[in-house]
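1. I would like to see how this sequence folds:
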Amino acid sequence: MNEFNITLSEPNLHGNENKYVSEAIESQWVSITGPFVGKFKRAVEDYTHTQNAIPMQNATSALHMALIINDINSVHEVIVPTLTFIASVNCVKYVNATPVFMDCDKYGSMDMDKLENFCQTQCTLTQQGLVNNKSNKIIKAVIVTHVFGNMANMVALLQIAKKYKLLIIEDSAQALGTYYTDGCLKGKYAGTFGDCGVYSYNSNKIITCGSGGTLIVKDNNQADKVMYLSAQAKDDGLRYKHNNVGYNYMMNNIQAAVGIAQMEQLESFIAIKEKNYSLYKELLADVDGITLLPFNPACRPNYWFYSILVDEGKFGISREDLMNKLAERKIQTRPVWGLAHLQKPYADCMSFNIEKAEQYANTLLNIPCGSTLTENQVRTVVKEIKNIQKEVRG
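-> You can find the predicted model right below:
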């Protein structure tokens, strides 16, 4: 039984999920070769206007595979955000490469001004690639996360990557449905700009398969390699001959059946979340010490997570105390992830001028935001935040 009356984000499974899963079970196609897998692949491709959207077991496996097919290994470094879920960084270690940590901007995604400054002042561009002056290793790629469904500054990143010979891997786990509405990239979706893009279908994402992911690749040969390696690298499926180390990374038919039903509802989910975000923005506008994190105005975000910044001096108590007091009122919230460059496995890795991310790590609070959230629940959350401020102020 859930301890919270208002949860942070829970799955919305009120469409054709049961129907399609039942069809999959009744057909006895439950493995990675079932027909829903192909249907789900095409649904994501049609939605994002891409050609190779490969269904995967989860987004972490998709990130791992993105690094493998781009031949990133122990001689390389990869620039990563420190404000991100740890999987964005762990995958770099999976291939024995080394992460270099970058700060975030006001929207929570990678600070592109600092990225360019790092490339200019801390590195040397050679014929072999961008060399880190400190480690003498080649920086081969940058993993950019579209944090909370907020589009990173891809206009700047595409220019930086071209100038400094960097591959772009988009961790769009949180950003399915986010696209540019203005400028030279108008109409393009998060996850479709880079050499590879990744989506997640974990239970709290904008759509869910329970667990699942998609890897988008532009190169057809790379797509073939992903399919081969992710299905245990079978060179002879009948006699089970394997000439390479493979992985069990493909999505199964039951996951895909859920995914198809979710894709049918994606835009309606986003519409609900946009409406609730706007209501939060209106109701929180007069709360001293609370700032609702904005979304990039150049894009239509998917509004995946809503975040507030708590100014302890103005609001009256810290982010931690506010979180605890809301929990006492059966309202679930959570702090942002612990910064990746401070995690024990990465304590010795290089980081560059981390400032904004440290501020957010101490003040940012994710508030209820799921597509099942009602208007009355939004009003209740805000009412309790205001009541808490009145109590602490006496």
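
2. helix or strand for residue 216, just tell me which one.
-> Secondary structure assignment for residue 216, by DSSP states H and E: strand 213-217.

3. and the contacts of that strand?
-> Strand 213-217 is contacted from outside by 44, 48, 50, 52-62, 65-66, 69, 173, 191-192, 195-201, 223, 226, 251, using Cβ atoms under 8 Å, 6 or more residues apart in numbering. C-betas here are computed from N, CA, C, even on glycine.

4. again, 7 Å this time
-> Strand 213-217 is contacted from outside by 44, 50, 52-59, 61-62, 65-66, 191-192, 196-201, 223, 226, using Cβ atoms under 7 Å, 6 or more residues apart in numbering.

5. which residues touch the residue lying closest to residue 178 once chain neighbours are set aside?
-> Spatial nearest neighbour of residue 178, excluding adjacent residues (Cβ to Cβ, 6 or more residues apart in numbering): residue 190 at 4.3 Å. Going by Cβ under 7 Å, 6+ apart, residue 190 touches 146, 151, 170, 172, 175, 178-179.

6. skipping adjacent residues, who's closest to residue 302 in space?
-> Nearest non-adjacent residue to residue 302 (Cβ to Cβ, 6+ apart): residue 177, at 3.7 Å.

7. how far away is the one you found from residue 192?
-> Residue 177 sits 12 Å away from residue 192, going by Cβ to Cβ, to the nearest Å.

8. go on, residue 123?
-> 27 Å.

9. and the two? Which one has more around it.
-> residue 123 (21 against 18; other Cβ atoms under 10 Å).

10. tell me the contacts of that one?
-> Applying Cβ under 7 Å, 6+ apart, we find residue 123 in contact with 130-133, 139.

11. which strand residues bridge it?
-> Assessed by DSSP bridges, residue 123 has beta-bridge partners residue 132.

12. gap between it and residue 298?
-> 28 Å.

13. residue 333 now?
-> Distance of residue 333 to residue 298, computed by Cβ to Cβ: 28 Å.

14. check residue 387 too.
-> For residue 387, the distance to residue 298 (Cβ to Cβ) stands at 36 Å.

15. please apply the same query to residue 283.
-> For residue 283, the distance to residue 298 - Cβ to Cβ - is 25 Å.

16. just checking, which of the contacts of strand 213-217 belong to helices?
-> Among the contacts of strand 213-217, the members falling in helices (DSSP state H) are 44, 59, 61-62, 65-66, 223, 226.

17. sorry, back to before: compare the contacts of residue 123 and tell me which is most surrounded.
-> Result: residue 139 is most packed of those (other Cβ under 10 Å), 25 neighbours.

18. host element of it?
-> Taking DSSP H and E as the criterion, residue 139 maps to strand 138-145.

19. how's the chain carved up into domains?
-> For the chain, automatic domain parsing gives the domain ranges 17-263, 266-393.

20. among the ones you listed, which is the most enclosed?
-> Across the domains of the chain, the average number of neighbours (mean count of other Cβ atoms under 10 Å) peaks for domain 17-263, which reaches a mean of 20.

21. give the contact list for the nearest residue to residue 125 once chain neighbours are set aside.
-> Spatial nearest neighbour of residue 125, excluding adjacent residues (Cβ to Cβ, 6+ apart): residue 164 at 6.0 Å. By Cβ under 7 Å, 6+ apart, residue 164 lies in contact with 119, 125, 130.

22. now the phi/psi pair for residue 164, please.
-> Note on residue 164: backbone dihedrals following degrees, to the nearest 10 are phi -110, psi 20.

23. for it, give its distance to residue 118.
-> Distance, residue 164 to residue 118, by Cβ to Cβ: 10 Å.

24. equivalent analysis for residue 298, please.
-> Residue 298 is 24 Å from residue 118, where distance means Cβ to Cβ.
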